[in-house]
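# for reference, the sequence and a predicted model appear below.
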Amino acid sequence: MILKSRVRSTVAAAFAFAFLAVAAPASAQDNNISESHLKAARDAVAAIHATEDFDQILPQAAAALKQELIQKNPDLQEIIIKTVDEETFALVPRRADLEKEAALAYARVFPEQDLQAIAAFYSSDPGKKLLADGPIVTRELFKAADIWQRGVARDLAQNVGAKLDAVIKSQAPNPDVPQTTDPVMPAPETAPAQ
C-alpha cells in the first residue's frame with residue numbers, strides 16, 4: 001500500500017512535469033516557420049547528431065526510479081523492475097518530441113538555406129569525419145593551448161621581471177659615486193627678540 005502511494009505520487013509528479021513541458025504553447029514565431037524550413041532544420045539536427053547526448057535521459061531516469069523504489073521496498077524488486085521497464089518503453093515514442101523541439105530551436109536561429117548547407121556538409125564524408133574525429137582534435141587543441149598558456153605566462157613573467165630589474169637598477173644610486181649619508185639641514189633662522 002505504501003509503495004502504491006509512493007509510486008503514484010512519483011509517477012504523477014513526473015507526468016505532470018512532462019505534460020507541462022510538452023503542452024507549453026508554441027510562440028508566434030514558431031507559427032512563421034515553414035514546413036520546408038522545419039524539414040531543413042530536422043535534417044541538420046540529424047546530420048550533426050544534435051540530440052544524441054540526450055539518448056540516456058530516459059534510461060537513466062528509469063534506473064534511478066528503480067533504485068529508489070527498490071531501496072524503499074526490496075521485497076517488491078521484481079514487480080518494480082517489470083513495471084518501470086514497461087512504463088519506460090511506453091515513453092520511448094516521446095523521443096520524437098525532443099527532435100521536434102531541437103528542429104524548432106535550429107529553425108529559429110538559422111535560415112533555411114544555412115540549415116540545408118549544414119546538413120549537406122555534415123552528411124558528406126568530411127563532415128562525418130569532423131563529427132567523428134572532432135573531439136580528438138579538440139582534446140589535442142586544449143592540450144596545446146595549455147602548454148602554450150604556461151609558456152607565454154612564464155615568458156611574460158621573465159620578461160617583465162628583467163625589465164623591472166633594469167628600471168630598478170637604473171634608478172639606484174651609482175656605487176662609484178660617494179654618497180652622503182644624511183644631508184645636513186640648515187638650522188631655521190630665528191628672529192631677534194625685541
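Structure's in. What do you need?

# give me the residue at the spatial middle of the chain.
For the chain, the residue nearest the mean C-alpha position is Asp53 (12.5 Å; C-alpha atoms, centre = their mean).

# what comes up buried for the host helix or strand of Gln71?
In the assignment (DSSP states H and E), Gln71 maps to helix 57-72. For helix 57-72, a neighbour-count test (16 or more other C-beta atoms under 10 Å) marks 58, 62, 65-66, 69-70 as buried. Every C-beta, even on glycine, is put in place using the N, C-alpha and C of the backbone.

# which other helices and strands contact that helix?
Counting by 3 or more C-beta pairs under 8 Å, 6 or more residues apart in numbering; DSSP states H and E, the packing neighbours recorded for helix 57-72 are helix 2-23, helix 77-91.

# what angle sits between it and helix 77-91?
160 degrees (axes from the mean of the first three to the mean of the last three C-alpha atoms, to 10 degrees).

# quick one: mean pLDDT for helix 57-72?
For helix 57-72, mean pLDDT rounds to 97.

# starting at the chain centroid, how far to it?
The chain centroid and the centroid of helix 57-72 are separated by 26 Å under C-alpha atoms, centre = their mean, to the nearest Å.

# then stretch 79-88?
Centroid separation for stretch 79-88 versus its chain: 33 Å, with C-alpha atoms, centre = their mean.

# now swap in stretch 137-156 and tell me
21 Å.

# check stretch 154-174 too.
The mean C-alpha position of stretch 154-174 is separated from the chain mean by 42 Å, C-alpha atoms, centre = their mean.
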